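> Sharing a sequence plus its predicted fold:
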Amino acid sequence: MKKKHWYDYFWVWSILYFALGFFNILFAWLGMLDFFLPLGLALFGGNKFFCNHLCGRGQLFSKLGKEGKCSRNQPTPRWMSSRWFRYGFLVFFLAMFGNMLFQTYLVGAGAASLRETIKLFWTFRVPWGWTYTAGMVPDWVAQFSFGFYGLMLTSLLLGILVMILYKPRSWCVFCPMGTMTQGICQWKAKERREKL
């Protein structure tokens, strides 16, 4: 049996993150750890340690898919791991992230009012007003929280969908963070080769 490490329990972090955000949207800011940590580890370590060992979402999909038997365990379609799909999805994801930042800027500049909704799949607005008490923080902070939580929840639901249809960690094949960290690792490896 494989020896358990302290980081094998980060799947709990994924559940905790979404539960906390459900009750108070400001907890959505904690998700920035899942953005900066993988990029930092890839940039300074030159490897995908985060994706392989620390990603709570990937661990959660493994738990649900393998141990919970929620996955059909079918091969992930080849097109999902193709370069054009991975980078296309990354561009789309970054565009949605940029739009979220722009909406946050508009609220901060006073050009738009706070929207207390979560957008699922970048389209469907779900009222989420009970999670925030107006005036706790500046409106732009709350707007970022709603937008970021929607982004994280959408990617979780996409991951669950592909986990059910294919192998448990099929999301990892085209995860935007995984694609970015892989790009950083390839750049770092090239840099090391050029120094030799």
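Thanks, I have it.

> what comes up buried for the host helix or strand of residue 160?
Following DSSP states H and E, the helix or strand that holds residue 160 is helix 139-165. In terms of neighbour count (16 or more other CB atoms under 10 Å), helix 139-165 has its buried residues at 139-156, 158-160, 162-164. Yep, even glycine has a C-beta here, placed from its N, CA and C like the rest.

> Report how many residues lie close to residue 109.
By other CB atoms under 10 Å, 9 other residues sit near residue 109.

> can you offset everything so residue one is 53?
From this message on, residue numbering opens at 53, which makes the last subject residue 161.

> ok, it to residue 81 distance?
20 Å (CB to CB, to the nearest Å).

> And residue 123, by the same measure?
Where residue 81 is concerned, residue 123 sits at a distance of 31 Å (CB to CB).

> swap in residue 192?
Residue 192 sits 12 Å away from residue 81, going by CB to CB.

> Which parts of this protein are strands?
169-172, 176-179 (DSSP state E).

> Which helix or strand in this structure has the lowest average pLDDT?
strand 176-179 (a mean of 82; mean pLDDT, DSSP states H and E).

> same for that one, what does it pack against?
Under the contact criterion of 3 or more CB pairs under 8 Å, 6 or more residues apart in numbering; DSSP states H and E, strand 176-179 touches strand 169-172.

> on contacts alone, who are the packing partners of the strand it packs on?
Where contact means 3+ CB pairs under 8 Å, 6+ apart, strand 169-172 is packed against strand 176-179, helix 191-217.

> circling back: just put the strands of the chain in a markdown table and tack on distance to residue 226 and mean neighbour count.
Shown next, in a markdown table, are the strands of the chain (distance: least, CB to CB, whole Å; neighbours: other CB atoms under 10 Å):
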| stretch | distance to residue 226 | mean neighbour count |
| --- | --- | --- |
| strand 169-172 | 19 | 19 |
| strand 176-179 | 21 | 10 |
